[in-house]
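Participant: What would the 3D arrangement of this be:
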Amino acid sequence: MTHQRKVLGKWGEEKAKEYLLNQGYILIAQNWRTRYGELDLIMLDQETVVFVEVRTKSTSDFGKASESIHHRKQQKLLYTAEAFLTSKKWWNRNVRFDLISIDKIEGKYQIQHIKNIIH
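Facilitator: Next comes the predicted model:
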């Protein structure tokens, strides 16, 4: 990954976090890593633990950010979330997987919050 993409990704995560905090979510963890992968944001929405994948794109040349969550990525999210819940002994918590996609459209970045990306 290029330096420019890393910077854009970090910027997108901060924007997503800011957006969710303004919606009343509570931050539990950010960039939580295991051997399975990384969870961008782990938030609390009322009583629900929300694992948030953040995708930021500066161009739509290869589709929108929301179109980039494929089956393999979903599996990695599930394994990593399970590891997180186990580490906290939160086996009986309500859980949800959300996506925050940030796309540059007509020169401006637009945030889209998609809930329940994994059922």
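
Participant: pLDDT weak spots in this structure?
Facilitator: 1, 58-68 (pLDDT under 70).

Participant: which helix is the longest one in it?
Facilitator: The longest helix of the chain (DSSP state H) is helix 3-22.

Participant: buried residues in it?
Facilitator: 8-9, 12-13, 15-17, 19-20 (16 or more other CB atoms under 10 Å). (Glycine included, C-beta is placed from N, CA and C.)

Participant: of the residues you listed, closest to residue 44?
Facilitator: If you rank the buried residues of helix 3-22 by distance to residue 44 using CB to CB, residue 20 comes first, at 10.0 Å.

Participant: where's the residue nearest to the closest one when sequence neighbours are not counted, which helix or strand?
Facilitator: Nearest residue to residue 20, sequence neighbours excluded (CB to CB, 6 or more residues apart in numbering): residue 43, at 5.5 Å. Using DSSP states H and E, residue 43 sits in strand 38-45.

Participant: Give me the helices and strands touching that strand, please.
Facilitator: helix 3-22, strand 26-33, strand 48-57, helix 71-88 (3 or more CB pairs under 8 Å, 6 or more residues apart in numbering; DSSP states H and E).
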